[in-house]
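1. whatever this is, show me its structure:
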Amino acid sequence: MGLKQKAPGEATYLPDESDKVQLAKVYDFLAAHEQAGRGGITPRYFLSGIVAGDRVELPRHAYEVLRQVVEAMQQGLPVTVAPRSHVLTTQQAADLLQVSRPTVIKLLDGGEIPYVRAGSHRRIKLEDVLIFKDRRREEQYAALEATAVDHADEEDPQAVLSDLRDARKAVARLSLAFEGIYRPVWSSQILKELEYGETLKLIKRGGADPDVAAERAAHLVATMRSGFEDAEVSGWHSLVGTYELPDPDDEHVLAAAVIAGAGTLVTANTVELNPVAARRAVDEIAGRSGRHGRTLTFDEVLDLLVHRYGMGAAVRCLR
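-> Numbers count the residues shown, from 1 in each chain. As a prediction, this is how the structure comes out:
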């Protein structure tokens, strides 16, 4: 197991090959323990030494932390342990919520999160930040459910199935974002095109009234904006036209991804992807890495796309 110190009291643990077999055993044991049921028995957790009887009981919270660590390392992912104070600065709250500091200031000024002043600085209770985080997640899921499209019985079954497949994919992606697995980013132009495309899809495939279709599409985009206050990026206009994509209308997507330091692109258009331009984009993403983690090389960005996002076929075209 590798260890990389980041700051006093904070450390990142990197799993190595020697850990994998033992971590797999621990993970299999934990999974089997849950699947077994053990109905009616209150679970107890212990940390054992090498001598028989040398053990100490773990509180449930400590067990849950250990389980998360084991699950992540069993998948080969680094794990950061970062002790937090019960009182946070606005920047610490922003890091915890995965938003920018100006967004946190906006939430405080809007009364979304309580705070107190210490001189000229604002201080926020960790508990209040976690309460807001849970509340926001519930609101995000509720808003996502409200975007569901109802289909009439007489509609084309193939169109209905296609819509349901698209909806499941969208729900899966946004649900992962709600849980903080990844941070979505987009530009105003991307949302504009999404709204236009969703409107056409509802009219052509679902037979919706144009006004109703436009209203539903606008509601979806409004939900995305309100659910991820910090996702919209700016400053991408100057990069449009520099990537020589076959379709110039796609330039703004790549430009926004580079400005945001995105790790991957979510798009339905893979036919017109220019490998040369894509490699240039990967170079820029690698060059912009390091702001929220370690600096990545070109090959490390590609490895990330393969192992974390399953983009093996696309990466093979870039190597």
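2. quick one, helices of the stretch 51-200 of the chain?
-> 60-74, 90-97, 101-109, 126-146, 157-178, 188-204 (DSSP state H, counting those that start in this stretch).
3. would you single out the least confident of the ones you listed?
-> Lowest mean pLDDT within the helices of the stretch 51-200 of the chain: helix 157-178, at a mean of 54.
4. ok, now how distant is residue 196 from residue 221?
-> Plainly put, residue 196 is 10 Å away from residue 221 if you go by CB to CB, to the nearest Å. Any C-beta I mention is one placed from the backbone N, CA and C, and that applies to glycine too.
5. so for these two, which residue has more residues nearby?
-> Shown here are residue 196 and residue 221; by other CB atoms under 10 Å, residue 221 has more neighbours (19 against 13).
6. which residues touch that one?
-> Contacts for residue 221 (CB atoms under 8 Å, 6 or more residues apart in numbering) come out as 191, 194-195, 198.
7. scan the residues you listed and report the most crowded one.
-> Within those, most neighbours by other CB under 10 Å means residue 198, with 22 neighbours.
8. can you pull the contacts of the closest residue to it other than its chain neighbours?
-> Using CB to CB, 6 or more residues apart in numbering and skipping residues adjacent in sequence, the residue nearest residue 198 is residue 217, 3.8 Å away. Counting by CB under 8 Å, 6+ apart, residue 217 touches 194-196, 198-199, 202.
9. need those in JSON lines (columns: distance to residue 238).
-> Formatted as JSON lines, the contacts of residue 217 follow (distance: CB to CB, whole Å):
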{"residue": "194", "distance to residue 238": "23"}
{"residue": "195", "distance to residue 238": "24"}
{"residue": "196", "distance to residue 238": "24"}
{"residue": "198", "distance to residue 238": "28"}
{"residue": "199", "distance to residue 238": "29"}
{"residue": "202", "distance to residue 238": "34"}
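10. which one of the residues you listed is nearest to residue 302?
-> residue 194 (27.2 Å; CB to CB).
11. nearest spatial neighbour of the closest one, chain-adjacent residues omitted?
-> Using CB to CB, 6+ apart and skipping residues adjacent in sequence, the residue nearest residue 194 is residue 221, 6.3 Å away.
12. need the per-residue pLDDT for the one you found.
-> 87.
13. which SS class is it?
-> Secondary structure, DSSP: H, G, I helix; E, B strand; the rest coil: residue 221 is helix.
14. contacting residues for the closest residue to residue 84 other than its chain neighbours?
-> In this structure, residue 84 finds its nearest non-sequential neighbour in residue 126, 6.0 Å apart by CB to CB, 6+ apart. Contacts for residue 126 were tallied using CB under 8 Å, 6+ apart; they are 84-88, 96.
15. quick one: residue 126 and residue 57, what's the gap?
-> 26 Å.
16. measure the residue nearest to residue 84 to residue 114 for me?
-> For residue 126, the distance to residue 114 - CB to CB - is 12 Å.
17. picking up where we left off before, could you export the helices of the stretch 51-200 of the chain to CSV, including columns for distance to residue 253?
-> Putting the helices of the stretch 51-200 of the chain into CSV (distance: least, CB to CB, whole Å) gives the following:
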stretch, distance to residue 253
helix 60-74, 31
helix 90-97, 26
helix 101-109, 23
helix 126-146, 23
helix 157-178, 16
helix 188-204, 6
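18. most tightly packed of those?
-> The highest mean neighbour count among the helices of the stretch 51-200 of the chain, using mean count of other CB atoms under 10 Å, belongs to helix 90-97: a mean of 19.
19. and for that helix, what are the contacting residues?
-> Contacts of helix 90-97 (CB under 8 Å, 6+ apart): 84-85, 88, 100-101, 103-105, 108, 113, 121-122, 124, 126, 129, 132-133.
20. 6 Å instead?
-> 100-101, 104, 122, 124, 129 (CB atoms under 6 Å, 6 or more residues apart in numbering).
21. my read: residue 99 touches residue 232, true?
-> No: using CB atoms under 6 Å as the test, residue 99 is too far from residue 232 to be in contact (11.6 Å).
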